[in-house]
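Enquirer: Next input, structure requested:
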Amino acid sequence: MELGGRRVIDRVVDVLASVTDDLLVVTNTPELYASLGIPMVPDVFAGGGSLGGIYSGLKAAAGAVIFTVACDMPFLRPDVARLVIERAEEADVVIPRAGGQLETLHACYGKRCLDPMEARIRAGRLKIVGFFEDVRVLEIPEEDVARLAAPEVVFMNVNTPDDLARARSIACGSEAR
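Expert: As a prediction, the model looks like this:
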(Lines give C-alpha, C1' and ligand atoms only; values in the text may rest on other atoms or scores of the structure.)
Protein backbone atom coordinates (compact mmCIF):
# COMPACT_ATOMS: atom_id res chain seq x y z
CA MET A 1 0.00 0.00 0.00
CA GLU A 2 1.06 3.55 -0.65
CA LEU A 3 0.62 6.43 1.70
CA GLY A 4 1.78 9.94 0.89
CA GLY A 5 3.43 8.67 -2.31
CA ARG A 6 5.50 6.02 -0.49
CA ARG A 7 4.90 2.38 0.27
CA VAL A 8 4.08 1.77 3.92
CA ILE A 9 6.86 -0.84 4.12
CA ASP A 10 9.39 1.78 2.96
CA ARG A 11 8.24 4.12 5.71
CA VAL A 12 8.70 1.31 8.25
CA VAL A 13 12.17 0.42 6.97
CA ASP A 14 13.29 4.08 7.05
CA VAL A 15 12.36 4.38 10.72
CA LEU A 16 13.98 1.08 11.65
CA ALA A 17 17.15 1.92 9.74
CA SER A 18 17.43 5.08 11.83
CA VAL A 19 17.51 3.08 15.08
CA THR A 20 19.40 -0.09 14.12
CA ASP A 21 21.85 -1.33 11.51
CA ASP A 22 20.62 -4.92 11.66
CA LEU A 23 17.32 -5.31 9.80
CA LEU A 24 15.55 -8.56 8.98
CA VAL A 25 12.21 -9.25 7.30
CA VAL A 26 10.24 -12.37 8.22
CA THR A 27 8.17 -13.36 5.21
CA ASN A 28 7.02 -16.33 3.21
CA THR A 29 6.73 -14.11 0.12
CA PRO A 30 10.25 -12.71 -0.31
CA GLU A 31 9.54 -11.56 -3.86
CA LEU A 32 7.29 -8.83 -2.44
CA TYR A 33 10.16 -7.37 -0.40
CA ALA A 34 13.20 -8.02 -2.61
CA SER A 35 13.44 -4.33 -3.54
CA LEU A 36 14.20 -3.50 0.09
CA GLY A 37 17.60 -5.18 -0.09
CA ILE A 38 17.18 -6.53 3.44
CA PRO A 39 17.92 -10.09 4.57
CA MET A 40 14.79 -12.23 4.80
CA VAL A 41 13.84 -15.44 6.57
CA PRO A 42 10.72 -17.56 6.23
CA ASP A 43 8.47 -18.60 9.09
CA VAL A 44 9.87 -21.55 11.00
CA PHE A 45 6.37 -22.83 11.73
CA ALA A 46 3.75 -22.71 8.98
CA GLY A 47 0.53 -21.24 10.33
CA GLY A 48 2.27 -19.80 13.39
CA GLY A 49 0.68 -16.38 13.03
CA SER A 50 2.31 -13.29 14.46
CA LEU A 51 3.81 -15.28 17.33
CA GLY A 52 5.45 -17.55 14.78
CA GLY A 53 6.80 -14.54 12.91
CA ILE A 54 8.33 -13.08 16.07
CA TYR A 55 9.78 -16.49 16.91
CA SER A 56 11.27 -16.85 13.41
CA GLY A 57 12.89 -13.41 13.55
CA LEU A 58 14.24 -13.95 17.04
CA LYS A 59 15.64 -17.37 16.16
CA ALA A 60 17.36 -15.99 13.04
CA ALA A 61 18.70 -12.83 14.68
CA ALA A 62 22.40 -12.64 15.47
CA GLY A 63 21.88 -10.54 18.59
CA ALA A 64 20.35 -11.44 21.93
CA VAL A 65 17.34 -9.13 21.51
CA ILE A 66 15.11 -8.08 18.63
CA PHE A 67 12.81 -5.11 18.18
CA THR A 68 9.75 -6.13 16.19
CA VAL A 69 7.19 -4.13 14.28
CA ALA A 70 4.47 -4.96 11.82
CA CYS A 71 4.97 -3.98 8.19
CA ASP A 72 1.65 -2.11 8.16
CA MET A 73 2.48 0.54 10.78
CA PRO A 74 2.94 3.72 8.72
CA PHE A 75 3.56 6.15 11.57
CA LEU A 76 6.37 4.49 13.48
CA ARG A 77 8.69 6.99 15.09
CA PRO A 78 12.38 6.62 15.93
CA ASP A 79 11.96 8.24 19.35
CA VAL A 80 9.22 5.79 20.35
CA ALA A 81 11.23 2.84 19.01
CA ARG A 82 14.24 4.01 21.04
CA LEU A 83 12.04 4.30 24.16
CA VAL A 84 11.45 0.54 23.89
CA ILE A 85 14.89 -0.48 22.63
CA GLU A 86 16.79 1.42 25.31
CA ARG A 87 15.11 -0.71 27.99
CA ALA A 88 15.68 -4.06 26.23
CA GLU A 89 18.25 -5.28 28.75
CA GLU A 90 15.81 -4.90 31.66
CA ALA A 91 13.51 -7.81 30.79
CA ASP A 92 12.88 -10.62 28.31
CA VAL A 93 10.01 -8.64 26.78
CA VAL A 94 9.85 -4.84 26.76
CA ILE A 95 6.49 -3.68 25.52
CA PRO A 96 4.44 -0.49 25.47
CA ARG A 97 0.85 -0.40 26.68
CA ALA A 98 -1.57 1.91 24.89
CA GLY A 99 -5.33 2.14 24.76
CA GLY A 100 -5.57 -0.59 27.37
CA GLN A 101 -3.64 -3.14 25.34
CA LEU A 102 -0.07 -4.31 24.95
CA GLU A 103 1.56 -3.36 21.65
CA THR A 104 2.96 -6.81 20.88
CA LEU A 105 4.15 -5.77 17.42
CA HIS A 106 6.16 -2.79 18.68
CA ALA A 107 8.24 -4.55 21.32
CA CYS A 108 11.59 -6.08 22.17
CA TYR A 109 11.95 -9.82 22.66
CA GLY A 110 15.01 -11.57 24.06
CA LYS A 111 16.33 -15.04 23.24
CA ARG A 112 14.98 -16.38 26.57
CA CYS A 113 11.55 -16.11 24.94
CA LEU A 114 12.33 -18.75 22.30
CA ASP A 115 11.53 -21.89 24.33
CA PRO A 116 8.25 -20.57 25.81
CA MET A 117 7.22 -19.27 22.37
CA GLU A 118 8.00 -22.58 20.69
CA ALA A 119 6.02 -24.53 23.30
CA ARG A 120 2.96 -22.32 22.69
CA ILE A 121 3.28 -22.54 18.90
CA ARG A 122 3.60 -26.33 18.97
CA ALA A 123 0.49 -26.46 21.19
CA GLY A 124 -1.42 -24.27 18.72
CA ARG A 125 -1.73 -21.48 21.31
CA LEU A 126 -0.76 -18.52 19.14
CA LYS A 127 -1.75 -15.54 21.28
CA ILE A 128 1.44 -13.52 21.62
CA VAL A 129 0.93 -12.63 25.28
CA GLY A 130 0.31 -16.31 26.10
CA PHE A 131 3.96 -16.98 26.87
CA PHE A 132 4.45 -13.82 28.96
CA GLU A 133 3.78 -15.73 32.18
CA ASP A 134 7.02 -17.66 31.58
CA VAL A 135 9.35 -14.67 31.05
CA ARG A 136 10.17 -11.29 32.60
CA VAL A 137 8.01 -8.56 31.06
CA LEU A 138 8.53 -4.82 31.38
CA GLU A 139 5.58 -2.68 30.35
CA ILE A 140 6.18 0.87 29.19
CA PRO A 141 3.22 3.00 30.30
CA GLU A 142 1.13 4.83 27.73
CA GLU A 143 2.05 8.13 29.39
CA ASP A 144 5.72 7.57 28.49
CA VAL A 145 4.82 7.07 24.83
CA ALA A 146 2.40 10.02 24.89
CA ARG A 147 5.23 12.36 25.88
CA LEU A 148 6.73 11.62 22.46
CA ALA A 149 3.78 10.94 20.15
CA ALA A 150 0.07 10.17 20.06
CA PRO A 151 -0.05 6.43 20.85
CA GLU A 152 -3.16 5.90 18.72
CA VAL A 153 -1.21 7.19 15.72
CA VAL A 154 2.24 5.70 16.26
CA PHE A 155 0.83 2.19 16.91
CA MET A 156 -1.78 2.35 14.15
CA ASN A 157 -2.01 -0.60 11.75
CA VAL A 158 -3.52 -0.33 8.28
CA ASN A 159 -5.69 -3.42 7.88
CA THR A 160 -8.87 -2.14 6.24
CA PRO A 161 -9.96 0.48 3.70
CA ASP A 162 -11.19 2.62 6.63
CA ASP A 163 -7.76 2.34 8.28
CA LEU A 164 -6.14 3.43 5.03
CA ALA A 165 -8.48 6.42 4.73
CA ARG A 166 -7.66 7.45 8.30
CA ALA A 167 -3.92 6.97 7.65
CA ARG A 168 -4.17 9.18 4.57
CA SER A 169 -5.90 11.84 6.65
CA ILE A 170 -3.15 11.63 9.27
CA ALA A 171 -0.45 11.77 6.60
CA CYS A 172 -2.00 14.97 5.27
CA GLY A 173 -1.64 16.47 8.73
CA SER A 174 -5.25 16.66 9.84
CA GLU A 175 -4.71 14.31 12.81
CA ALA A 176 -0.93 14.12 13.18
CA ARG A 177 0.84 15.15 16.35
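Enquirer: how about the strands of this protein, start to end?
Expert: Counting by DSSP state E, the chain has strands at residues 2-3, 6-7, 25-26, 40-41, 65-69, 93-98, 101-102, 106-110, 137-140.
Enquirer: could those go into CSV alongside mean neighbour count and distance to Val153?
Expert: Backbone N, C-alpha and C define where each C-beta goes, glycine included. Formatted as CSV, the strands of the chain follow (neighbours: other CB atoms under 10 Å; distance: least, CB to CB, whole Å):
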stretch, mean neighbour count, distance to Val153
strand 2-3, 15, 13
strand 6-7, 14, 17
strand 25-26, 21, 24
strand 40-41, 18, 28
strand 65-69, 21, 14
strand 93-98, 22, 10
strand 101-102, 14, 15
strand 106-110, 24, 12
strand 137-140, 17, 16
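Enquirer: residue closest to the middle of this protein?
Expert: Among the residues of the chain, the one closest to the centroid is Val69, at 1.5 Å (CA atoms, centre = their mean).
Enquirer: For it, which residues count as its bridge partners?
Expert: His106 (DSSP bridges).
Enquirer: Average pLDDT for stretch 155-166, rounded please.
Expert: If you average the pLDDT over stretch 155-166, you get 91.
Enquirer: Pull the residues that contact that stretch.
Expert: 1, 3, 8, 70, 72-75, 96, 98-99, 103, 105-106, 167, 170, 175 (CB atoms under 8 Å, 6 or more residues apart in numbering).
Enquirer: out of these, which are buried?
Expert: For the contacts of stretch 155-166, a neighbour count by 16 or more other CB atoms under 10 Å gives the buried set as 3, 8, 70, 72-75, 96, 98, 103, 105-106, 167, 170.
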